[in-house]
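Asks: Got a sequence here, can you model it:
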Amino acid sequence: MTESTIISKVWNFANVLRDDGVGYGDYLEQITFLLFLKMADEYAKPPHNRVTNIPDEYNWDSLVSKRGADLEFHYTQLLRELGTATGTLGQIFTKAQNKIQDPSKLLKIIDMIDKEKWTTMGADLKGTIYEGLLEKNAEDTKSGAGQYFTPRALIQAMVACIKPKPKKTIIDPACGTGGFFLASYDYIKEHNNLDKEEKAFLKNSTFFGNEIVASTRRMCLMNMFLHNIGEIDGESFISAADALISDDGKRYDYVLANPPFGKKSSMTITNEEGLQEKQDLSYNRQDFWATTSNKQLNFLQHIKTLMKINGQAAVVLPDNILFEGGAGESVRKELLKTANLHTILRLPTGIFYANGVKANILFFDNKPASKHPWTKDIWFYDYRTNIHHTLKKKPLQLEDLMEFIDLYNTENIDKRKETWSEDNPEGRWRKYTYDEIIARDKINLDIFWLKDKSLTDLDNLPDPDILANEIIENIEASLDSFREIMNTLNS
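Replies: Residues are numbered from 1 along each chain as shown. From the prediction side, this is the model:
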């Protein structure tokens, strides 16, 4: 079967199950459980003969041999038992529940998976099938799954700039469904003639991450496994711990991340009246420059800590990180001093599945202690002004960012050339010196120089659907800001 045929076949069941109240996310979880069991069964048999640590009474054969109420009961019990296992197996089945209450439909999905020989499929095909399902799930805006899915074109552009090398470590402290890992894996494979040792390192020792949401974590693990990263009977690369709680002392060559949107870190507590309420959470860490409940500022500080000396980072962060005062100013000042923050890519709206997001990518290199600031120049690429994207009609493509990737000049960032000049005020690539930045109020990095044509030229207005989408995003962003103000006033 072709790639598109299998994706279509697997996804068609989702539409059938929606009539039973089973959402896309729940369906994707069940596919994950069943697909993992089927592949484990294939690996346990010749010619692989692997030890999978799945008890015989809960293996794939135990499922396909049952029907009706017996199947539903056994599947529910199987999920519960496997959730107590260790390693990747336990992580896949943590808090697993049967969301398909109709045994006949559960049997149809089992039959569909049983008919394919998954271990003989290429990693590219298996991975593409699962990635296709993850993207379809992210499109279901009601579920909120989009917050764990970064547009793959954006990830590919970030990886193309960083150019990860073999036998180097990569971490994503908020890894979602694992997009940064997969793009890095593909890049390293495609751009290097790997020897046996390098292949083993790439498979088992390159990638590390954190994901606190159990359902998202299992999808990440399955995504990696289908792309041939890790072993079915190995230890999990993905920690369930909150990455921001503490510094475990480990350091990495590359950090690639898109921390979760939303400004505040919070936790749910039970108050004296026995009622549950959310409480802002600040992380009091010795390695942090500022104590704050701003989630992205905390992630930025944590990412700096994770980096080896001369390690590289590319991080998606919202606009408030560039201009917020107080802790924000302190963090920006220290980042410019202790790292080389050399590039900021301004992103347009309409590219993320979460609405109202105005974001940027910060590229910086960690440096050893010095008396003088490491940042000398910051290069800005404005891919926001007069740029219009929507998720369905005009989604972001890698080709849209090729000019930026070329201008980034990863081989020698000291040889970059501006496209902006007094004679070419429309140039999107412009340099600001450290002295110019540090002189700005609150060390504000929220910089624009291009004219918004829609304000002066009605002929340059985007299509009505794009304009409507931008209005919605601006309203939602404003509402988020008002909510933050209200939360501050009420705290």
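
Asks: show me where pLDDT drops low in the stretch 51-200 of the chain?
Replies: 140-148 (pLDDT under 70).

Asks: So which elements touch the helix or strand hosting residue 79?
Replies: With elements taken from DSSP states H and E, the one containing residue 79 is helix 68-82. Identification of packing neighbours for helix 68-82 by 3 or more Cβ pairs under 8 Å, 6 or more residues apart in numbering; DSSP states H and E yields helix 60-64, helix 87-93, helix 103-114. Where C-beta positions appear, they are placed from N, C-alpha and C, glycine not excepted.

Asks: List the buried residues in it.
Replies: By 16 or more other Cβ atoms under 10 Å, the buried positions in helix 68-82 come out as 71, 72, 74, 75, 78, 79, 82.

Asks: need those in a markdown table with distance to residue 179, can you?
Replies: What follows is those, written out as a markdown table (distance: Cβ to Cβ, whole Å):
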| residue | distance to residue 179 |
| --- | --- |
| 71 | 34 |
| 72 | 34 |
| 74 | 35 |
| 75 | 30 |
| 78 | 30 |
| 79 | 26 |
| 82 | 26 |
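
Asks: Give me the pLDDT for the residue of the chain most remote from its centre.
Replies: Within the chain, the residue lying farthest from the chain centre (Cα atoms, centre = their mean) is residue 423, at 39.5 Å. Residue 423 is assigned a predicted lDDT (pLDDT) of 95.

Asks: Helices along the stretch 201-350 of the chain, start to end?
Replies: Using DSSP state H, counting those that start in this stretch, the helices of the stretch 201-350 of the chain run over 214-226, 295-306, 320-323, 327-338.

Asks: Output these in CSV; the columns should cover distance to residue 39, mean pLDDT and mean neighbour count.
Replies: CSV is the format used below for the helices of the stretch 201-350 of the chain (distance: least, Cβ to Cβ, whole Å; pLDDT from 0 to 100; neighbours: other Cβ atoms under 10 Å):
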stretch, distance to residue 39, mean pLDDT, mean neighbour count
helix 214-226, 8, 88, 24
helix 295-306, 32, 97, 24
helix 320-323, 41, 96, 20
helix 327-338, 43, 97, 20
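
Asks: would you turn these into TSV with distance to residue 345?
Replies: Output for the helices of the stretch 201-350 of the chain, formatted as TSV (distance: least, Cβ to Cβ, whole Å):
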stretch	distance to residue 345
helix 214-226	25
helix 295-306	16
helix 320-323	12
helix 327-338	16
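
Asks: and residue 384, which of those helices is closest to it?
Replies: Smallest distance to residue 384 across the helices of the stretch 201-350 of the chain (Cβ to Cβ): 12.2 Å, for helix 320-323.

Asks: if we can go back for a sec, can you list the neighbours in contact with the helix holding residue 79?
Replies: The contact list for helix 68-82, computed with Cβ atoms under 8 Å, 6 or more residues apart in numbering, reads 33, 54-55, 58, 62-63, 66, 89-90, 92-93, 96-98, 101, 103, 106-107.

Asks: do that again at 7 Å, thanks
Replies: Helix 68-82 is contacted from outside by 33, 54, 58, 62-63, 66, 89, 93, 96-98, 103, 106-107, using Cβ atoms under 7 Å, 6 or more residues apart in numbering.

Asks: what do you get for stretch 295-312?
Replies: In contact with stretch 295-312 (Cβ under 7 Å, 6+ apart) are residues 162, 171, 173-174, 243-244, 247, 251-255, 257, 259-260, 262-265, 283, 287-290, 292, 313, 315, 317-318, 321, 327-328, 331, 335, 339, 365-368.

Asks: Quick one: buried ones out of the residues you listed?
Replies: By neighbour count, with 16+ other Cβ under 10 Å, the contacts of stretch 295-312 hold 162, 171, 173-174, 243-244, 252-255, 257, 259, 262-265, 283, 288-290, 292, 313, 315, 317-318, 321, 327-328, 331, 335, 339, 365-367 as buried.

Asks: What about the residues you listed, which are in strands?
Replies: Judged by DSSP state E, strands contain the following of these: 171, 252-255, 257, 313, 315, 317-318, 339, 365-366.

Asks: which of those sit farthest apart?
Replies: Of all pairs in those, the most separated under Cβ to Cβ is 253 and 318 at 25.9 Å.

Asks: So residue 52: helix, strand or coil?
Replies: Secondary structure of residue 52, reduced to three states by DSSP: H, G, I helix; E, B strand; the rest coil: coil.

Asks: mind listing what it touches?
Replies: Residue 52 sits next to 40, 43, 44, 232, 233 when contact means Cβ under 7 Å, 6+ apart.

Asks: what does residue 452 give?
Replies: If a contact means Cβ under 7 Å, 6+ apart, then residue 452 has 385, 386 as its contacts.

Asks: Count the neighbours of the nearest residue to residue 223 once chain neighbours are set aside for me.
Replies: Residue nearest to residue 223 in three dimensions, not counting chain neighbours: residue 178, with 4.6 Å by Cβ to Cβ, 6 or more residues apart in numbering. Other residues lying near residue 178 total 30 when counted by other Cβ atoms under 10 Å.

Asks: Against residue 187, how distant is residue 178?
Replies: Between residue 178 and residue 187 the distance is 14 Å, computed by Cβ to Cβ, to the nearest Å.

Asks: same check, this time on residue 371
Replies: In this structure, residue 371 lies at 36 Å from residue 187, with Cβ to Cβ as the measure.

Asks: Give me the more crowded residue out of the two.
Replies: residue 187 (17 against 5).

Asks: Report all helices and strands that the helix or strand harbouring the more buried one contacts.
Replies: Applying DSSP H and E as the criterion places residue 187 in helix 179-190. In terms of contacts (3 or more Cβ pairs under 7 Å, 6 or more residues apart in numbering; DSSP states H and E), helix 179-190 is packed against helix 152-162, strand 170-172, strand 252-257.

Asks: for the ones you listed, which one sits closest to residue 475?
Replies: Among these, the nearest to residue 475 by Cβ to Cβ is helix 152-162 (23.6 Å).

Asks: So what touches the closest one?
Replies: Residues outside helix 152-162 that contact it (Cβ under 7 Å, 6+ apart): 179-180, 183-184, 187, 254, 256, 312, 314, 351, 361, 363, 396-398, 401, 404-405, 408, 410.

Asks: Which of the residues you listed are buried? Put it as a PyMOL command.
Replies: The PyMOL command for the buried members of the contacts of helix 152-162 (criterion: 16+ other Cβ under 10 Å) is given here:
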select buried, resi 179+180+183+184+187+254+256+312+314+351+361+363+396+401+404+405+408
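
Asks: how close does the closest residue to residue 369 other than its chain neighbours sit to residue 202?
Replies: Nearest residue to residue 369, sequence neighbours excluded (Cβ to Cβ, 6+ apart): residue 338, at 7.7 Å. Residue 338 sits 30 Å away from residue 202, taking Cβ to Cβ as the criterion.

Asks: Kindly report the domain assignment for the protein.
Replies: Domain segmentation of the chain under automatic domain parsing yields 3-132, 242-485.

Asks: Could you export those to JSON lines, including columns for distance to residue 195?
Replies: Converted to JSON lines, the domains of the chain look like this (distance: least, Cβ to Cβ, whole Å):
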{"stretch": "domain 3-132", "distance to residue 195": "19"}
{"stretch": "domain 242-485", "distance to residue 195": "19"}
